[in-house]
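Chemist: one predicted model, sequence on top.
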Amino acid sequence: LPTTTCGFSSAAAILCGTIAFCGWATPSRQKIRAPVQKLLGWRVSALVSSRGRASETWLRVLAHLLGPGGAALSLVGIRIATGRRHQIRIHSAHVGHPTVCDGRYTATSTFLQDRQWCNHTFLHRYRLAFLDDSGARCEAVAHLPGPLQDALGNVRARD
């Protein structure tokens, strides 16, 4: 996945995350490029719209999984090239694979099904790296939190 530039006082930054998608994401899909528009006073905070700001999300399918009842799931590594509000969740829903247990950008029925085995939106930022103003590399890494580890205990690998 490519390196990206963000507004960290003009420093290069990389934001990596892990997300569980509903459905089996196509391994050949490596990028989602869709403009994101911020909304005020709506149930959703933003959506894909031609009036939105350019947004790009890179992804890599890490595993196809079976959830409770045989639900199709994908574990996906994410890197963002832009940092729009809720960008990852909006982009995943836009391509037909909403984030597991996302009450905002997923159909209510899907959210309620997900909620039976996953208590949190399955999105985790595990790595942030950037070069500071002096050019020194800075990095923070966070392991998958307990509730998301518990949720993974409810799924199994697809054959």
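Modeler: Good, I have the coordinates.
Chemist: alpha carbons only for contacts and neighbour counts from here, please
Modeler: Fine.
Chemist: in which helix or strand would I find the residue of the chain most remote from its centre?
Modeler: Computed with Cα atoms, centre = their mean, the residue of the chain farthest from its C-alpha average is Ser134, at 30.6 Å. Assigned by DSSP states H and E, Ser134 belongs to neither a helix nor a strand.
Chemist: what ranges does this structure have for its helices?
Modeler: Here the chain has its helices, by DSSP state H, at 87-94, 108-115, 146-152.
Chemist: just for the chain, where's the confidence low?
Modeler: 1-16 (pLDDT under 70).
Chemist: give me that answer again for 80
Modeler: Flagging of the chain using pLDDT under 80 yields the residue ranges 1-18, 41-44, 159.
Chemist: do a quick rundown of the strands in the chain.
Modeler: 4-8, 11-22, 31-33, 36-38, 46-48, 56-66, 72-80, 123-131, 137-141, 156-157 (DSSP state E).
Chemist: export those to a markdown table and append columns for distance to Ile88 and mean neighbour count.
Modeler: Converted to a markdown table, the strands of the chain look like this (distance: least, Cα to Cα, whole Å; neighbours: other Cα atoms under 10 Å):
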| stretch | distance to Ile88 | mean neighbour count |
| --- | --- | --- |
| strand 4-8 | 15 | 14 |
| strand 11-22 | 9 | 22 |
| strand 31-33 | 9 | 16 |
| strand 36-38 | 10 | 20 |
| strand 46-48 | 11 | 21 |
| strand 56-66 | 7 | 20 |
| strand 72-80 | 8 | 22 |
| strand 123-131 | 9 | 18 |
| strand 137-141 | 19 | 12 |
| strand 156-157 | 23 | 13 |
